[in-house]
Every structure is written in C-alpha cells, then in structure tokens.
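Colleague: Give the three-dimensional model of this entry:
(one chain, ligands or ions: 2)
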Amino acid sequence: MTTHGISSDVSLAVNILSSGGIIGMPTETVYGLAACALDENAVQRVFDTKGRPHNHPLIVHLSPSMDFRKWGVFSADAEALATSFWPGPLTLLVPRTSIVPDWVTGGRDTVAIRVPSHPLAQELLTRTNTGVVAPSANKFGRVSPTSARHVLQDLGDEVDLILDGGECEVGLESTIVECTDVFQILRPGQISTEDIIRVTGRNPHQTTGPSRAPGMLASHYAPQAQVMIVDSLDDAQRIQREQSTLRSVHLIYFSDVTSYAEHLYDELRTADRNECELVIAVRAPSSGIGIAINDRLSKAAADR
Ligand code: AMP
Ligand code: MG
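Modeller: Ligands and ions are numbered 1, 2, ... in the order given. Below you'll find the predicted structure:
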C-alpha cells in the first residue's frame, strides 16, 4: 500500500484499517499506531514498524458504542472506573475474554482496554466497529508523538495514513490500572490516584520500577539529548548559565502542570531538532498529573 501521508479524511482511515492497513490515529493522550486487533498480520506490522518487542502487550481501543464486556471481565472496581472515566485517558487491565487473541496480549490471560475521548478517534472506532490496538506511533523507546507532524517525522511512509486530529490535549499516555486479583496503578497519567480512590473507595498499590509490567522499562520516552532533572527554576537557570559555554542547553519548565504535560514531548523533540546536548527539566509538583510528568522525565533521563 502506498502511504497517503497526513489527512483528516476519516472515511479513508476507516477503509485502510478495515482492509488490514496501519494508520497514525489521534487520541487525547498521544498519537497511536492503529491496527485492527483481530487482524494478526496488521498487528504484526505494528510491532515491526515500531521495533517493539513482541512480549510488550498492546492496549485495545474501543468506541463508547461498543460493549467493552465482550473483550474483558470487569470486576465491580473496573466497572466503576469505566463508568466514571470512559471515554477518557484511563486504561483498565482486566482478565481477557476468548475473543482477545494472543498476539494482542503476548499470550497473557489479561487484556488492557481503553475508550478514548478524542472525537476523531471515536468516529474512527465506531465506524471500524472492532477493537483497535494503538501503541504510541513512534519508534520503540523514543518520545511519544503528540501531533500528526511528529508521527510523520518518526514513521513517515511506513504507515498507510496519518489521521490528523490536531494536537493531543493531555499529552501523556493513559493511566493504567490493573483490576485483577491485584488492584494497582501500573502507569501514572492524568487520572490520578486520588481520582481512583474517590470512585472505588480503595487505595491501589503503587508499583514502581521497570519490572512491574511487561514493557515498563527504566529507559523510555528518551530524546537523543541527555536529560537532567532539577528541583527548581533557579537551579535550572544556574546550571544553564554554567553549562552553556560548554554545551547547547534546552530548558523545560511550565508553572502550570496541565500545560507541562501537554507540551513536554514537543519540548523534548524541539531539543533534538535543535541538536541540543543537554535538556534541563524542572521537576513538577508530585501530585495529580505532576506524578505522571515526573515519571516520564525520569524515564527520559534514565541510563540507556
Ligand atoms: P503502550 O505502551 O502505551 O501501548 O501501553 C502498553 C502497556 O500496557 C504495556 O507495555 C504493558 O505494560 C501494559 N499492558 C498492556 N496489555 C497488558 C497485558 N495484557 N498484561 C499486562 N500488561 C499489559
Ligand atoms: Mg509508547
């Protein structure tokens, strides 16, 4: 298939997905690399295009009009979270049903499911009328894309189409909550621990470290530049003055955490485009989405 480049033609996107193609798909979190979940060859192409190891399972995206219980077994907690936060930036890890293939879950008996809120994503999913896998549309280990242009820069003509839905509103990947015999947050995101406690009345385990789930690696979301995390803008500016005669420096700081999340990945990409050697990022306050920002910063700063 020849690539159609960037387009906002949803009908074309539906046709490509339904005939086994792969496309860049906008969501409110980051752009995904979408393929029909039940199409083994298309899903295989997603792994190959990203360079993603096959034991890193994929999230199944559903439209609000579809019955998510066909794909997973939902506990009372999972139902409550789905009711409160779908459509939205929350992924639920639940026991899978028999329709979910091994190539989506890496052979595990659990499946990760999300219903995105982005209007174009919803239209695409509704009209495709099946589950769609959509890991971030970037090469494995690199910074996630938050615009159609980012996807084009990373994957170019390796995808059949990039559906342009503007810039992602949240800017960071979804919160992942495991609702099996363990109740835990596998990845922090915009939906916070407090949000989850408020809805379920239960305190999820906080898991940290690279081994908590397949694909949760210490180094991830990494630009070419070295990343240094500091505690305050004053520290950042002092280090920038000291370093700038030695190395080209890009400073990242937003006083507003919502804007910080929204623009973080674009800032990391800008640093690379300008061939900066060092990124100095000011740590976010460690509450709400600030926890997710700091999680991504520490992965961008980790040893490769
Ligand atoms: P992403 O990289 O945004 O596509 O998120 C996928 C991540 O969700 C994986 O790397 C896993 O950590 C987690 N995940 C998805 N599906 C499963 C599953 N079936 N079992 C355990 N973890 C999963
Ligand atoms: Mg990713």
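Colleague: what number of residues lie near residue 67?
Modeller: Here the count is done by other C-beta atoms under 10 Å, and residue 67 has 7 residues near it. Using the backbone N, CA and C atoms, a C-beta is placed for each residue, glycine as well.
Colleague: hmm, I was thinking of residue 237
Modeller: Neighbours of residue 237 using other C-beta under 10 Å come to 15.
Colleague: Name the helix or strand for the spatially closest residue to it that is not a sequence neighbour, please.
Modeller: In space, and not counting its chain neighbours, residue 237 is closest to residue 251: 7.4 Å by C-beta to C-beta, 6 or more residues apart in numbering. Using DSSP states H and E, residue 251 sits in strand 249-252.
Colleague: Moving C-terminal from that strand, which element do we reach first?
Modeller: Downstream of strand 249-252, the first helix or strand assigned by DSSP H and E is helix 257-273.
Colleague: quick one: contacts of that following helix?
Modeller: 30, 143-147, 150, 153, 167-172, 190, 221, 223-225, 227, 250, 252, 254, 279, 284-285, 288-290, 292-293, 296-297, 300 (C-beta atoms under 8 Å, 6 or more residues apart in numbering).
Colleague: Among those residues, which ones lie close to ligand 1?
Modeller: With the criterion set as C-beta under 6 Å from any ligand atom, no member of these is near ligand 1.
Colleague: just the helices in this protein please.
Modeller: Secondary structure of the chain by DSSP state H: the helices cover 10-18, 40-50, 76-85, 102-105, 119-128, 148-155, 193-200, 233-243, 257-273, 289-301.
Colleague: Next, format the ones you listed as CSV and append mean pLDDT.
Modeller: Formatted as CSV, the helices of the chain follow (pLDDT from 0 to 100):
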stretch, mean pLDDT
helix 10-18, 98
helix 40-50, 98
helix 76-85, 98
helix 102-105, 97
helix 119-128, 98
helix 148-155, 97
helix 193-200, 98
helix 233-243, 94
helix 257-273, 97
helix 289-301, 96
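Colleague: right, so of the ones you listed, which gets closest to residue 34?
Modeller: Proximity to residue 34 (C-beta to C-beta) singles out helix 10-18 among these, at 6.3 Å.
Colleague: Quick one: residues contacting the nearest residue to residue 56 once chain neighbours are set aside.
Modeller: Nearest residue to residue 56 in three dimensions, chain neighbours excluded: residue 215, at 3.6 Å (C-beta to C-beta, 6+ apart). Counting by C-beta under 8 Å, 6+ apart, residue 215 touches 53, 55-57.
Colleague: Quick check, pLDDT for the closest residue to ligand 1 within the chain.
Modeller: Nearest residue of the chain to ligand 1: residue 215, at 2.2 Å (C-beta to the nearest ligand atom). The model reports residue 215 with a pLDDT of 70.
Colleague: Just to check, residue 44 is in contact with residue 133?
Modeller: No. Counting by C-beta atoms under 8 Å, residue 44 does not reach residue 133; the two are 10.9 Å apart.
Colleague: So these two - more neighbours on which side?
Modeller: More neighbours surround residue 133 than the other of residue 44 and residue 133, with 25 against 14 (other C-beta under 10 Å).
Colleague: Tell me, how many residues neighbour the nearest residue to that one once chain neighbours are set aside?
Modeller: Spatial nearest neighbour of residue 133, excluding adjacent residues (C-beta to C-beta, 6+ apart): residue 58 at 4.0 Å. Residue 58 has 25 neighbours, counted by other C-beta under 10 Å.
Colleague: Quick check: residue 58 vs residue 215, distance?
Modeller: As defined by C-beta to C-beta, to the nearest Å, residue 58 lies at a distance of 9 Å from residue 215.
Colleague: in the stretch 101-250 of the chain, which spans are strands?
Modeller: Along the stretch 101-250 of the chain, counting by DSSP state E, counting those that start in this stretch, strands occupy 110-114, 132-133, 161-163, 175-179, 183-187, 205-206, 226-230, 249-252.
Colleague: What residue, apart from its backbone neighbours, is nearest residue 117 spatially?
Modeller: Closest to residue 117 by C-beta to C-beta, 6+ apart is residue 87, at 3.9 Å.
Colleague: thinking the one you found is in contact with residue 115, fair?
Modeller: Yes. Using C-beta under 8 Å, residue 87 is in contact with residue 115, at 4.5 Å.
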